[in-house]
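1. A predicted structure for the sequence below; I have some questions about it.
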Amino acid sequence: MPWIELSVFSRHPQFAEEILLANGALSVSFRDAADDPQFEPWPGEMPLWKQTRTVGLFPQKQSLDATQSSLRELLPDGKSTRLERKRIADRDWIAASRRKMRPLRFGRNLWVCPSHRKVRTKNAVVVKLDPGLAFGTGAHPTTALCLAWLSQQDLHGKTVLDYGCGSGILAIAALKLGAARAIGVDLDPQALTATMNNARANKVAQRLTVHLPQGFKPEACDLVIANILANPLIELAPKLTRCLKSDGSIALAGLLKNQAHDIAKAYAPKVKLKTIATRENWALLSGLRYHARFY
């Protein structure tokens, strides 16, 4: 079956990736839009080109009018962004992506590794993950920020909520880093299926439960992490803060640096959020819940 590639020439390629995935792209890749080679990066780094083309793959039968409208509306440079469509022949996209994947390190000892590769570092904590239907392999800057933050937390014996779990990468990483239990929530049933499949592959499925938002009953957790877009983070502020125990930690990602103020405002006064890490144009906010009473 033929497919359609939608190329986005924007100064905000990671933001374009989020929009393409949210609009049903089966895969998203970054490509050099000029002659600007990138040499071997440091572990855990995924540098992009100064002129990057973000390419989303869609079924030929899918209308891309709404996707293009979202790109025009949501990208900071949407009005001037160039969009191109291209019809291409079928191929095994998952196999192609898998061949390009390599182990990525976050913090001192947390690794995300495709199943066909091995990590030989001593005392490595390894999350086995292959590309699939759900978003989240560790390569995106927002996921990388979250994984690096998780690798620095004392998770032993704790309960972790991963809201917007996607592939389950954050929940699974938390469990492999010592969390006693994790909860994954996502509005996409395919994401929940992917999360449990990945959890079984990493031998942590017995400590993980997954829910659609409408089936999730808030409960007090030691740590809450959400890697989604800015507007949903603002809308979810009451629910996510209610899920935090007193002195529980929360980490929020999927937002641009210039959106951090609005996110922090939405979570005050129950949580005082600070920008604790940035990567490219993305930010990670974190803080502690105080005066919490779960009911």
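-> Now that the structure is in, tell me what you want to look at.
2. For the stretch 51-200 of the chain, give me the ranges with low pLDDT.
-> By pLDDT under 70, the low-scoring segments of the stretch 51-200 of the chain are 90-101, 131-139.
3. Taking the centroid of this structure, which residue is nearest it?
-> Of all residues in the chain, the one closest to the mean position by Cα atoms, centre = their mean is residue 143, 4.2 Å from it.
4. what's the distance between whichever helix or strand that residue is part of and the middle of its chain?
-> If you go by DSSP states H and E, residue 143 is part of helix 141-151. Put simply, helix 141-151 sits 9 Å off its chain's centre (Cα atoms, centre = their mean, to the nearest Å).
5. got it, and stretch 214-225?
-> On Cα atoms, centre = their mean, the centre of stretch 214-225 falls 18 Å from the chain's centre.
6. if you average pLDDT over it, what comes out?
-> Mean pLDDT, computed over stretch 214-225, is 94.
7. what's the first-to-last distance across it?
-> Distance between the two ends of stretch 214-225: 18 Å, counting by Cα to Cα, to the nearest Å.
8. what separates the lengthiest strand in the chain from the chain centre, distance-wise?
-> Ranked by residue count and defined by DSSP state E, the top strand of the chain is strand 244-256. Computed by Cα atoms, centre = their mean, the chain-centroid distance of strand 244-256 equals 14 Å.
9. What of stretch 204-211?
-> 18 Å.
10. So which bits of that stretch are buried?
-> 204, 205, 207, 208, 209, 210 (16 or more other Cβ atoms under 10 Å). From N, CA and C alone the C-beta is placed, and that goes for glycine too.
11. next helix or strand past the longest strand of the chain?
-> Past strand 244-256, further along toward the C-terminus, the next helix or strand under DSSP H and E is helix 260-267.
12. quick one, strands of the protein?
-> Using DSSP E, strands in the chain cover 3-9, 27-32, 52-59, 82-88, 104-106, 110-113, 125-128, 159-163, 181-185, 208-211, 221-227, 244-256, 274-279, 282-288.
13. Am I right that residue 18 is in contact with residue 229?
-> Yes: taking contacts as Cβ atoms under 8 Å, residue 18 lies within contact range of residue 229: 6.2 Å.
14. Common neighbours of the two, please.
-> Counting by Cβ atoms under 8 Å, 6 or more residues apart in numbering, the shared contacts of residue 18 and residue 229 are residue 254.
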